[in-house]
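1. model the structure of this input:
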Amino acid sequence: MTDRDLPIPDFDHVPLGNLAEHLTALDREQLQVLLDHEDAHGARLPVLERIRHRIEALDGGAEPTGSVPEHLPETSAGASAPADVTPATAGPTINPPSHGVPTNPAQPR
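-> Predicted coordinates:
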């Protein structure tokens, strides 16, 4: 089974923070497909735990809700860093504390 045949498109690249909301739309059979795929390929413990938790919820009487989009939106882990560090993008100069620097024996602590 390829990544395209999975119930969630591009499943292997879904950010962990977004995974739970996509799992709620799946039924038990679809979740089992994802569980088998993840167990055979990535075996990422947080992903396996979220899928198993959702299966337990369905076994406990929960119902699938929502829908899985055909294409998941691109997400980023945060702001991208500038390509080059320049004086304009460098952080502030950090001065040693006023009581001295422990790694410099010439300055007392």
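2. could you list the low-confidence segments of the chain?
-> Scanning the chain for pLDDT under 70 picks out 1-4, 69-83, 85, 96-102, 104-109.
3. show me where it has helices.
-> Listed in chain order, the helices found in the chain under DSSP state H are 16-23, 28-40, 45-59.
4. how about CSV for the ones you listed, with mean neighbour count and distance to Val68 added?
-> All C-beta spots, glycine's among them, are computed from the backbone N, C-alpha and C. Supplementary listing: the helices of the chain in CSV, determined by neighbours: other C-beta atoms under 10 Å; distance: least, C-beta to C-beta, whole Å:
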stretch, mean neighbour count, distance to Val68
helix 16-23, 15, 6
helix 28-40, 15, 9
helix 45-59, 15, 13
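5. Glu21 and Gly66, how far apart?
-> As judged by C-beta to C-beta, to the nearest Å, Glu21 and Gly66 stand 8 Å apart.
6. so which of the helices of the chain comes closest to Pro9?
-> Between Pro9 and the helices of the chain, the tightest spacing by C-beta to C-beta is seen for helix 16-23, at 9.5 Å.
7. now do the closest one: which elements does it pack against?
-> helix 45-59 (3 or more C-beta pairs under 8 Å, 6 or more residues apart in numbering; DSSP states H and E).
8. next, the angle from the helix it packs on to helix 16-23.
-> Computed by axes from the mean of the first three to the mean of the last three C-alpha atoms, to 10 degrees, the angle separating helix 45-59 from helix 16-23 equals 20 degrees.
9. list the contacts for the residue nearest to Asp39 when sequence neighbours are not counted?
-> Among residues not flanking Asp39 along the chain, Leu48 sits closest, at 6.6 Å (C-beta to C-beta, 6 or more residues apart in numbering). For Leu48, the contacting residues are Leu35, Glu38, Asp39, taking C-beta atoms under 8 Å, 6 or more residues apart in numbering as the criterion.
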